[in-house]
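Undergrad: sharing a model prediction with you, sequence too.
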Amino acid sequence: MQSSLKVVDCVIEVHDARIPLSGRNPLFQETLGLKPHLLVLNKMDLADLTEQHKILQHLEGTGLKNVIFTNCVKDENVKQIIPKVTELIGSSYRYHRAENLEYCIMVVGVPNVGKSSLINSLRRQHLRIGRAARVGGEPGITRAVTSRIQVCERPLMFLLDTPGVLNPRIESLETGLKLALCGTVLDHLVGEETMADYLLYTLNQHGVLRYVQHYSLGSACDDIERVLKSVAVRLGKTRKVKVLTGTGDVNVVQPNYSAAARDFLRAFRSGLLGTVMLDRDILQDHPQPTRHPGPAGQGAASRTS
Ligand SMILES: Nc1nc2c(ncn2[C@@H]2O[C@H](COP(=O)(O)OP(=O)(O)OP(=O)(O)O)[C@@H](O)[C@H]2O)c(=O)[nH]1
């Protein structure tokens, strides 16, 4: 990414709109910092944006003035990106390329936030043609900086897709769990049941109780074992386990907790359980944003219950 930088006019950083204030990789800013920068908060369809103005205020307080919320599956707000990028490059002090009317933009972000989807959406919007970048539900689909992909005719604009890069030092356990819920880390590395537990905690804390109806649970519950058991039974996700008894082996049918946890996470990620703002704690804890947030531990509030 660094070696491609000299041909890049602007950096578009894509992040998940459910975690607008946490989990970004600070190395992007440090390494790519001098180029004009646009933050695209994607998957807005999955985010609770009732406090959008507070989020924007908070981001502005940390020096991020150029922010656009998008849904790249439905092409929402994607049309705003190219005019904004053109404006940013035009007003950039590095813009000394009178003869060269091509723009080259690098798209960066943590894994699975929709960088390739954004490129495909831009092509649909401006060129009326489809896919150029591979899209996938799991992190790690794009594995190298691609050759340039044209996304617009006027102005002539090319994008470089890049692999998702996580901060090697995640600032807190809570931020790690939020990133995992958003699908930026392979689920089995964190553990589906751990993530399901955090998801249940979050949904209850935010009063997003659609899971109760979705799984016909009767009432809200903060016991993950009970919830996963009900989900497993309801979905018929059981497994036979051999149990050794005094009279020999007996096959016992048990709820398949892992399969239930996977279904719970899948339903959440596809929006079936409602929208959430996973950084609500940061918004509440830091009403007056500071311009230079410190390193480890700052930002994400610790769990209080
Ligand atoms: N709901 C929703 N899903 C989206 C949106 N944009 C992308 N996705 C989905 O998110 C998943 C990841 O999208 P990609 O475009 O492959 O993400 P990426 O950032 O290029 O991923 P890596 O190459 O792994 O870094 C895919 O399943 C997309 O369909 C969006 O705006 N809303």
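TA: Done, it's in. Numbering: from 1, shown residues only.
Undergrad: which SS state does the residue of the stretch 151-300 of the chain found nearest the ligand fall under?
TA: Closest residue of the stretch 151-300 of the chain to the ligand, CB to the nearest ligand atom: G164 (2.8 Å). Placement of C-beta: from N, CA and C, glycine included. Going by DSSP: H, G, I helix; E, B strand; the rest coil, the secondary structure assigned to G164 is coil.
Undergrad: may I ask which helix or strand encompasses the closest residue to it other than its chain neighbours?
TA: In space, and not counting its chain neighbours, G164 is closest to P111: 2.8 Å by CB to CB, 6 or more residues apart in numbering. Per DSSP states H and E: P111 is located in neither a helix nor a strand.
Undergrad: which residue sits farthest out from the middle of the chain?
TA: Most distant residue from the mean C-alpha position of the chain: T247, 52.5 Å away (CA atoms, centre = their mean).
Undergrad: mind checking how far that one is from V241?
TA: 17 Å (CB to CB, to the nearest Å).
Undergrad: same check on V67?
TA: 50 Å.
Undergrad: more neighbours, those two?
TA: V67 (19 against 11; other CB atoms under 10 Å).
Undergrad: how about the nearest residue to the more buried one, chain neighbours excluded?
TA: Here the residue nearest V67, using CB to CB, 6+ apart, is L39, at 4.7 Å.
Undergrad: check Q29 too.
TA: Closest to Q29 by CB to CB, 6+ apart is H37, at 7.7 Å.
Undergrad: count of residues packed around the one you found?
TA: H37 has 19 nearby residues by other CB under 10 Å.
Undergrad: list the contacts of V7.
TA: C104 (CB atoms under 8 Å, 6 or more residues apart in numbering).
Undergrad: ok but R239 is inside a helix, no?
TA: No. Secondary structure of R239 (three-state DSSP): strand, not part of a helix.
Undergrad: pLDDT value on it, please?
TA: pLDDT for R239: 86.
Undergrad: that one contacts N251, doesn't it?
TA: No. Counting by CB atoms under 8 Å, R239 does not reach N251; the two are 10.3 Å apart.
Undergrad: more crowded one of these two?
TA: R239 (13 against 8).
Undergrad: need the contact list for that one.
TA: Per CB under 8 Å, 6+ apart, neighbours of R239: V253, Q254, N256.
Undergrad: could you rank those residues by neighbour count and give me the top one?
TA: N256 (21 neighbours).
Undergrad: and the pLDDT for that residue?
TA: 93.
Undergrad: next: A17.
TA: For A17, pLDDT reads 98.
Undergrad: and it, how many residues sit next to it?
TA: Neighbours of A17 using other CB under 10 Å come to 28.
Undergrad: distance check, it against N77.
TA: Taking CB to CB, one finds A17 at 11 Å from N77.
Undergrad: now swap in N167 and tell me
TA: For N167 relative to N77 (CB to CB), the value is 26 Å.
Undergrad: what residues are up against the residue farthest from the centre of the chain?
TA: Applying CB under 8 Å, 6+ apart, no residues contact T247.
Undergrad: got any residues that touch both of A17 and N77?
TA: M44, F69.
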